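K.L.:
The sequence isn't on hand, but the structure is:
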DNA sequence: AAACCCAATGTTAGCGCTAACGATGCGGTG
DNA sequence: CACCGCATCGTTAGCGCTAACATTGGGTTT
């Protein structure tokens, strides 16, 4: 692998000059071939290509970044718990980035705080990333990013408008409305919502969607119970719902909390969906095996990640003005946790 | 933010020369201060430090990498599904890396294949990463990496020996033995194991640990049922266990499959832990809210990630020979899914 | 006091690439 | 046939840093 006599570099990695010498041209011509620039005769181009192949040459991203043009890398900041959703989206993004020829410099942080985020952005800028992507549900992240002049395009996954930033997201509002309408269609009239935390944009949108569906059908609105996305808070919410005794159906902000609700029902002997119909959100891999299997809203996080990368490419290509892709609507996946009213008396 | 008159650079980012001019020294002295090299008078050192602070100077990682010494970045390859374990470990690693002053260049791939992995390594090497970390449970990943002369230290998270590589892992063998012994201590004599796929090193180690515990206590060994870590395969395994009717307890390779087993039992009306005791592995956040709450083996993935980074730092510091850290043993977390034999007749 | 040493600094030359400009040589125009 | 123009290529100068060497000036040695 190393020690090739045609290679001058001490590390054994061929440089542009090695290719140039081998092809009998100047290094600049090699550069032109590499970047598909015009002004190279077809025959020469081929000769250079052959030399590159023979030496197994690959340009140094570092040197390219130094020389000023594209660095070929993109910064990815992931803030928050390593949940299924964000992790999948990050994975999809990562694969798409590599497929597009980009490297990904990742900065993850378990909890989002303004200073850490700002620092992370600056570090990435120093690394000459061509764009920075933020995957985080918290509103604060978007606000912080909106106030930074990074000098490179910023793309966020955010379900609320992000002034000055490029945005990609699922339509959480529509998803929540569909979920709620499913319960309404099953004949439920007293529906409660367990929402995610106040600082979550997804939670806010789902809450809006829930409220909109109820309003459209003239149903009574109760103040949602606020959780923190974790099963424990869902469990607590479940107990409250049971003790309260009002609701016949519940739209839960995410599958984790829905699991907590199911657990609370199981403990209290409340049959699901007999006495309480439950719909979740996300469709995590476990959802189909809950007891009972969870009816929920599926989000294709993987393709979300790909969409993010597509946006990056687009923005980088034509320096476009603020993009806003909120196209995808989550799909309803019907399983056993929500049923029609009075099923049992049939 | 930009346009500082003391800064020469067109992009507005101060360079070493800006600092040098401001401090009235040469750029090389600035470099010396930056790298804590000797041969700089204390007073000068202070003056340079002040100038750096005033200009908000930060060295360019790109230029540093170019100039040959450390690049300040580490490559992270994550292969496989974005499950809770690997995602958490990657997060812990990422945070630890940043804390240690390193950037992380991440290459994720949903499925591991030799070519993709090899390519990823080469890309990272071109980016001049100082070390490469692989987080993937599959044996093939370790084998492929073992056969590559990357020129930089390679660190893997692997529960089997990795010749020529630095290794970090939990002691899966000990963990599985503890889990099995817990069931034995509860009085169980007919225990079955549902293992992960054959290409998983964790699965193999857990299987060994399970077999060792049974052997020690002279219990009958049945061939483990092989799953693929996903709930669906756990469900299938659960059905087989129930149909078979032999086992009174089951040690399941991970929590996801355990969920499938619980689901199968719930459907078949087999009480857990009444008729079948179940122990899982991983302690995913959902496990405490399964029905019944799952007794399982907790692994602190976050600190695993930190351990990996610690190993990287260590290896980078003294070019040490192959490291091997298999210290941590998973902890038993007792919940409701495993009970003593004949509990019901009490 | 001449020679010397060493701490403290400055100067120069790259790392591998891109960007800007120069230098060829060929065909076509008046 | 002198002239221009354009494709095709080469040369030079950086990007911001580190590494190796050159330079200074005070304090020691002989």
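P.N.:
Okay, I see it. Predicted model, so just to flag it, every value in this text is computed and none were measured. Residues are numbered from 1 along each chain as shown, chains lettered A, B, ... in the order given.
K.L.:
which SS state does the closest residue to residue A:62 other than its chain neighbours fall under?
P.N.:
Nearest-residue entry for residue A:62: residue B:65, 4.6 Å, with adjacent residues in sequence omitted and distances by CB to CB, 6 or more residues apart in numbering or on different chains. Placement of C-beta: from N, CA and C, glycine included. With DSSP: H, G, I helix; E, B strand; the rest coil as the basis, the three-state label of residue B:65 is helix.
K.L.:
Residue B:65: neighbour count?
P.N.:
When neighbours are counted by other CB atoms under 10 Å in any protein chain shown, residue B:65 registers 24.
K.L.:
and chain A, what are its domains?
P.N.:
Following automatic domain parsing, chain A resolves into domains at A:16-59, A:73-170+A:301-328, A:172-299.
K.L.:
low pLDDT regions in chain A?
P.N.:
For chain A, the stretches with pLDDT under 70 are A:1-11, A:69, A:319-322, A:343-346.
K.L.:
do you know which of the domains of chain A lies nearest DNA strand D?
P.N.:
The closest of these to DNA strand D is domain A:16-59. By CB to the nearest atom of the strand, the value is 3.2 Å.
K.L.:
By proximity to DNA strand C, which residue of the stretch 101-250 of chain A wins?
P.N.:
Nearest residue of the stretch 101-250 of chain A to DNA strand C: residue A:128, at 11.7 Å (CB to the nearest atom of the strand).
K.L.:
Now do the closest residue to that residue other than its chain neighbours against residue A:108, distance only.
P.N.:
Excluding its sequence neighbours, the residue lying closest to residue A:128 (CB to CB, 6+ apart) is residue A:71, at 4.0 Å. As judged by CB to CB, to the nearest Å, residue A:71 and residue A:108 stand 20 Å apart.
K.L.:
For those two, work out which one has more neighbours and name it.
P.N.:
Applying other CB under 10 Å to residue A:71 and residue A:108 shows that residue A:108 carries more neighbours, namely 27 against 22.
K.L.:
Name the nearest residue to the more buried one, ignoring sequence neighbours.
P.N.:
The shortest distance from residue A:108 to any residue that is not its chain neighbour, by CB to CB, 6+ apart, is 4.0 Å, and that residue is residue B:94.
K.L.:
Pretty sure that neighbour sits against residue A:110.
P.N.:
No. Using CB atoms under 8 Å, residue B:94 and residue A:110 do not qualify as a contacting pair, with a distance of 9.4 Å.
K.L.:
of those two, who's got more company?
P.N.:
Neighbours were tallied for residue B:94 and for residue A:110 using other CB under 10 Å; the higher tally belongs to residue B:94 (25 against 16).
K.L.:
buried ones in the helix ranked longest in chain A?
P.N.:
Taking DSSP state H as the assignment, the helix of chain A that covers the most residues is helix A:301-318. Judged by neighbour count (16 or more other CB atoms under 10 Å in any protein chain shown), helix A:301-318 contains these buried residues: A:301-316.
K.L.:
Please apply the same query to stretch A:26-40.
P.N.:
Within stretch A:26-40, the residues that qualify as buried are A:29, A:30, A:31, A:32, A:33, A:34, A:40, counting by 16+ other CB under 10 Å.
K.L.:
One more: stretch A:193-200?
P.N.:
A:193, A:194, A:195, A:196, A:197, A:200.
K.L.:
And the contacts of it?
P.N.:
Residues outside stretch A:193-200 that contact it (CB atoms under 8 Å, 6 or more residues apart in numbering or on different chains): A:137-140, A:180, A:202-204, A:206-207, A:210, A:222, A:224-229, A:234, A:237, A:241, A:250-254, A:257, A:261.
K.L.:
you'd agree the residue nearest to residue A:128 is up against residue A:59?
P.N.:
No. Residue A:71 is beyond contact range of residue A:59, at 11.7 Å (criterion: CB under 8 Å).
K.L.:
any residues in contact with both of those two?
P.N.:
Contact criterion CB under 8 Å, 6+ apart; no residue bridges residue A:71 and residue A:59 by contacting each.
K.L.:
What values do phi and psi take at residue A:50?
P.N.:
Torsion angles at residue A:50 (phi, psi; degrees, to the nearest 10) stand at phi -60, psi -40.
K.L.:
Mind checking what secondary structure residue A:78 has?
P.N.:
Judged by three-state DSSP, the three-state class of residue A:78 is strand.
K.L.:
State the helix or strand in which the most centrally placed residue in chain A lies.
P.N.:
Residue closest to the average C-alpha location in chain A (CA atoms, centre = their mean): residue A:89, at 3.8 Å. Assessed by DSSP states H and E, residue A:89 sits inside helix A:84-99.
K.L.:
other SSEs contacting that helix?
P.N.:
For helix A:84-99, the packing partners by 3 or more CB pairs under 8 Å, 6 or more residues apart in numbering or on different chains; DSSP states H and E come out as strand A:73-79, strand A:103-109, strand A:132-135, helix A:301-318, strand B:103-109.
K.L.:
right, is the last one up against DNA strand D?
P.N.:
Meaning strand B:103-109. No. With CB under 7 Å from any atom of the strand as the measure, strand B:103-109 is seen stopping short of DNA strand D, the closest distance being 14.8 Å.
K.L.:
just to revisit the earlier point, find the helix or strand that the residue of the stretch 101-250 of chain A closest to DNA strand C is a member of.
P.N.:
Secondary-structure assignment from DSSP H and E places residue A:128 in no helical or strand segment.
K.L.:
That one - how many residues pack around it?
P.N.:
In terms of burial, residue A:128 registers 26 neighbours under the definition other CB under 10 Å.
K.L.:
With residue A:223 instead?
P.N.:
Here the count is done by other CB under 10 Å, and residue A:223 has 8 residues near it.
K.L.:
just residue A:342 next, same as before
P.N.:
In terms of burial, residue A:342 registers 9 neighbours under the definition other CB under 10 Å.
K.L.:
One more: residue A:63?
P.N.:
A count of neighbours around residue A:63, defined by other CB under 10 Å, yields 15.
K.L.:
so how far is residue B:200 from it?
P.N.:
Relative to residue B:200, residue A:63 is positioned 40 Å away (CB to CB).
K.L.:
Name the residues of the stretch 201-346 of chain A found near chain B, please.
P.N.:
Neighbours of chain B within the stretch 201-346 of chain A, by CB under 8 Å from any CB of the partner chain: A:230-232, A:234-235, A:256, A:259-260, A:262-263, A:266, A:285-286, A:288-291, A:293.
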